[in-house]
Structures are given as structure tokens and as C-alpha cells.
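**Q** Prediction below, plus the sequence it came from.
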Amino acid sequence: MNKSISALLVLLALSGWITGGIFSYYSKVNDDYVTKMAGENAFNIIEQSLKNNHTEADILVQIQKWKKDGWTAQTGSIITLCNLDPQKLVDWVGKNNITKICHQEE
């Protein structure tokens, strides 16, 4: 009887260890997905807000207006893109202006 209880406890501990590893892995996968989608959402907000601006100068002026007027959806999306993937801003502005946009004082 003692051996069967010991074996059961070992199996229980092993299954808990395996289950913990699986949960840990899928938690990391989920965190990566959430981070990716936060960047996608921010990109979509900025893309829709800039659809009528065609030149880089117009875009920079628009971003300054957002910051001055406190447009939090747009400025928050810019901050998110700057933190997660600043290269996505290359769709709208040149690499030199990315530094200006991401490191400007508000």
C-alpha cells in the first residue's frame, strides 16, 4: 500500500510539473499575441487618422497638432508604435523623422 501511494504522489507531482510548463508556454504565447495586436491596433488608428495627409510635411504637422490639442487616441497610438515597433512609422515618415516623432517632448 505504501508503494502505491508513493507512486501516486510521484505521478501527481510529475503531472503538475508538466501542466505548469504547458501553462507557462501558452502564457508566453498569449503575451506575444497581445503585444503584437496592440501594435496592430495602434497602426490602424494612425493609418485612419492620416489617410488624408499625403506628404511627410503634412503628416508631421498633423502629429504636432494632435500633441498640442491632446488627441489621446492618436498620441497614445504613436507612443505604442514608438515603444513596440517604430519601423511601422516608416509607412508615413522617413527614418530621420521617426526619431523626432518618438523622442519629442509633448
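**A** Nice, thanks for sending it over.

**Q** Every contact and neighbour count from this point should use C-alpha atoms.
**A** Fine.

**Q** Do you know the pLDDT at Val93?
**A** pLDDT for Val93: 86.

**Q** what's the next secondary structure element after the longest helix along the chain?
**A** Identified as the longest helix of the chain according to DSSP state H is helix 2-49. Once helix 2-49 ends, the next helix or strand along the chain (criterion: DSSP states H and E) is helix 56-69.

**Q** Which neighbouring elements make contact with that following helix?
**A** helix 72-84 (3 or more Cα pairs under 8 Å, 6 or more residues apart in numbering; DSSP states H and E).

**Q** so the helix or strand just after the helix it packs on versus helix 72-84, what angle?
**A** Counting by DSSP H and E, the next helix or strand C-terminal to helix 72-84 is helix 95-102. Interaxial angle of helix 95-102 relative to helix 72-84 (axes from the mean of the first three to the mean of the last three Cα atoms, to 10 degrees): 120 degrees.

**Q** quick one on the thing from earlier: who does the longest helix of the chain touch, helix- and strand-wise?
**A** helix 72-84.

**Q** still on that earlier bit, now the longest helix of the chain: mean pLDDT?
**A** On average, the pLDDT along helix 2-49 is 92.

**Q** Tell me how far that helix lies from the chain's centre.
**A** Distance, stretch centre to chain centre, for helix 2-49: 18 Å (Cα atoms, centre = their mean, to the nearest Å).

**Q** can you pull the contacts of the residue positioned nearest the centre of the chain?
**A** Centroid check for the chain by Cα atoms, centre = their mean gives Thr35 as the closest residue, at 3.5 Å. Thr35 sits next to Leu84 when contact means Cα atoms under 8 Å, 6 or more residues apart in numbering.

**Q** how near is it to Leu50?
**A** Thr35 is 23 Å from Leu50, where distance means Cα to Cα, to the nearest Å.

**Q** got it, and Gly20?
**A** 45 Å.

**Q** The two: which is more packed in?
**A** Leu50 (16 against 11; other Cα atoms under 10 Å).

**Q** Not counting residues beside it along the chain, what's closest to the more buried one?
**A** Closest residue in space to Leu50, ignoring its immediate chain neighbours: Ile59 at 6.9 Å, by Cα to Cα, 6 or more residues apart in numbering.
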